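Chemist: Got a predicted structure here, sequence first:
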Amino acid sequence: MSDTDTANPDPLAGGALETTACPGCGAVLAVVPGLASAHPGASPSCAGLFAVTVRGLREEAAQDVQTASLLQLATDAYDAQHLLDDEPAAAAVRLCLWLERDVDPLRAGDLAGRVADAAPRPQIRPGRWTTTVADLAADLDVVDLPTLIRSWADAVWIDWAPAHPALRTAGASALAG
Ligand SMILES: [Zn+2]
């Protein structure tokens, strides 16, 4: 969730041999020496790869609402895969709103307080993820980024299935205000 640019954060570059599994999404990526994590709950390489993947969206988001909406969806998909153990699942509640309730992700700012108040701390969390930012990056040559982000967000939401009842209740409560 940081805009901080990091030097050469592309963990797929450079031919490094040492790898690490991201504690959040499980993506196994090359260790980039000296790279600090820009996201709690994520390995430095994973957070760096996400930053690189959405950099173009960040640059465009101020001028284009569709891009801003897509960036919000990507950020929530990423955040929902990288929650700390006792952190409320606000990002997963937001995915519920965008994907099931058809709320515009641009309303994230308006709804932030109510989502934060309603967000549960689900005891059961996804044990594995269908799609990670590493899969996204690997497919970028053949599939366009908006399509990849939408299918990634859908997959993350489906991976959260054991907590859907609690997340839907929280989403309804946030909308009811
Ligand atoms: Zn990760």
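Modeler: Ah, there it is. Residues are numbered from 1 along each chain as shown.
Chemist: so where's the chain uncertain?
Modeler: For the chain, the stretches with pLDDT under 70 are 1-16, 177.
Chemist: Could you give me the buried positions within stretch 134-148?
Modeler: For stretch 134-148, the neighbour count (16 or more other CB atoms under 10 Å) marks A134, D135, L136, A137, D139, L145, L148 as buried. Any C-beta I mention is one placed from the backbone N, CA and C, and that applies to glycine too.
Chemist: just stretch 159-171 next, same as before
Modeler: Here stretch 159-171 shows D159, W160, A163, H164, A166, L167, A170, G171 as buried, counting by 16+ other CB under 10 Å.
Chemist: Quick one: name the residues of the protein near the ion.
Modeler: Contacts of the chain with the ion, taken as CB under 5 Å from the ion, map to C22, G24, C25, A27, A42, C46.
Chemist: Highest neighbour count among those residues?
Modeler: The residue in those with the most neighbours, by other CB atoms under 10 Å, is C46 (30 neighbours).
Chemist: biggest helix in the protein by residues?
Modeler: For the chain, the helix with the greatest residue count under DSSP state H is helix 65-81.
Chemist: picking up where we left off before, any idea which of the buried residues of stretch 159-171 is the one closest to the ion?
Modeler: For the buried residues of stretch 159-171, the closest approach to the ion (CB to the ion) belongs to D159, at 13.1 Å.
Chemist: For the residue nearest to that closest one when sequence neighbours are not counted, which three-state class applies?
Modeler: Using CB to CB, 6 or more residues apart in numbering and skipping the chain neighbours, the partner closest in space to D159 is P126 (4.3 Å). Assigned state for P126: coil (three-state reduction, DSSP: H, G, I helix; E, B strand; the rest coil).
Chemist: okay but P126 is in contact with W160, surely?
Modeler: Yes: using CB atoms under 8 Å, P126 is in contact with W160, at 5.8 Å.
Chemist: In the longest helix of the chain, which residues are buried?
Modeler: Buried residues in helix 65-81 (16+ other CB under 10 Å): 67-81.
Chemist: what's the next secondary structure element after it?
Modeler: helix 90-99 (DSSP states H and E).
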